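Visitor: sharing a sequence plus its predicted fold:
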Amino acid sequence: LTADTEGFIRANTELAAPPGCPAVRLHLATEITPLWQATEAFLEGHNLPPPYWAFAWVGGQAMARHLLDHPSLVRGKRVLDFAAGSGLGAIAAALAGAAAVEAAEIDPMAIASIRLNAQANGVSVGIAEGDVLSDSGCRWDVVMAGDVCYERPMAERVFAWLRGCAAAGADVLMADPGRAYLPRTGLMKLSAYTIPCSLELEDRTSREAVVYQIVG
Ligand SMILES: C[S@@+](CC[C@H](N)C(=O)[O-])C[C@H]1O[C@@H](n2cnc3c(N)ncnc32)[C@H](O)[C@@H]1O
């Protein structure tokens, strides 16, 4: 299945740098609908989630830029990219000199794409096993989450967990372009980037994404 999945990803994407983060190359789709349909056919599934993994979301791009601009945030540290999608944030952390990088994902296609994308950038990214949101402790020095505030149940669950990581002493970073379920409190703004994006995904041609630190 892994070889097939990698072949499917390679055949349906192009290796390209996202516009806001030219230092990283990812297997990216140009349009969402044909890939979504192809993924459903490939996996013989119906009502699958969108292929989030084939796009570098503006939140993830801002996060990656922030880490590459401020490598001391992750240098020598154990880092988790939560809801990693393509793995862009994890790859940026590895390029910035993190000692060990893991990515957490629930979508098997995303996990395959993270592996391929890490390889394409010559870095090593591990996959965090299981549902990290059920873990009570935090085994990372830095936890990041790019673009996770687009659905209410997910955002609420994720934020409770991220706040727990911050309370346990981790540096917790989040990047978001103002999605509907972005919490209003407990966030300290660190930086902002204007990221070019597609009308198809974002309904506009650029968005400002803000990188925050979550206060425990
Ligand atoms: C909008 S994408 C963002 C991807 C990437 N961080 C970026 O900014 O490009 C959100 C991702 O969250 C993942 N996700 C949703 N719930 C999750 C969970 N409980 N644990 C891990 N990943 C999750 C989805 O599979 C999807 O790939």
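Guide: Now that the structure is in, tell me what you want to look at.

Visitor: who in this structure is up against the ligand?
Guide: 52-53, 56-57, 59-60, 83-86, 88-89, 104-107, 110, 133, 146-148, 154 (C-beta under 6 Å from any ligand atom). C-betas here are computed from N, CA, C, even on glycine.

Visitor: can you select the buried ones from the residues you listed in ChimeraX?
Guide: Per 16 or more other C-beta atoms under 10 Å, the buried members of the residues of the chain next to the ligand correspond to this ChimeraX selection:
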select :52,53,56,57,59,60,83,84,85,86,88,89,104,105,107,110,133,146,147,148
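
Visitor: just checking, which of the residues of the chain next to the ligand belong to strands?
Guide: 104, 146 (DSSP state E).

Visitor: so who does the nearest residue to Met109 once chain neighbours are set aside touch?
Guide: Closest residue to Met109 apart from its sequence neighbours, by C-beta to C-beta, 6 or more residues apart in numbering: Trp53 at 5.4 Å. The neighbours of Trp53, taking C-beta atoms under 8 Å, 6 or more residues apart in numbering as the test, are 85-86, 105, 107, 109-110, 113-114.

Visitor: nearest to Leu201, of those residues?
Guide: For the contacts of Trp53, the closest approach to Leu201 (C-beta to C-beta) belongs to Gly85, at 12.4 Å.

Visitor: in the chain, which residue is most central in space?
Guide: Centroid-nearest residue in the chain, with C-alpha atoms, centre = their mean: Ala84, separated by 3.1 Å.

Visitor: which residue is the nearest non-sequential neighbour of that residue?
Guide: Ala103 (3.7 Å).

Visitor: what's the burial count for that neighbour?
Guide: Neighbours of Ala103 under the rule other C-beta atoms under 10 Å: 28.

Visitor: bridged to it, which residues?
Guide: Asp81, Ile127 (DSSP bridges).

Visitor: wait, it sits on Gly87?
Guide: Yes. With contact defined as C-beta atoms under 8 Å, Ala103 reaches Gly87; the gap is 5.2 Å.

Visitor: joint contacts of these two?
Guide: In contact with both Ala103 and Gly87: 81, 114, 125, using C-beta under 8 Å, 6+ apart.

Visitor: gap between the residue lying farthest from the centre of the chain and Ser113?
Guide: Distance from the C-alpha centroid of the chain, by C-alpha atoms, centre = their mean, peaks at Glu44 (25.5 Å). Per C-beta to C-beta, to the nearest Å, Glu44 is found 19 Å from Ser113.

Visitor: ok, and what's touching stretch 194-201?
Guide: With C-beta under 8 Å, 6+ apart, stretch 194-201 has contacts from 19-20, 31-32, 55, 57-58, 61-62, 177, 204-209.
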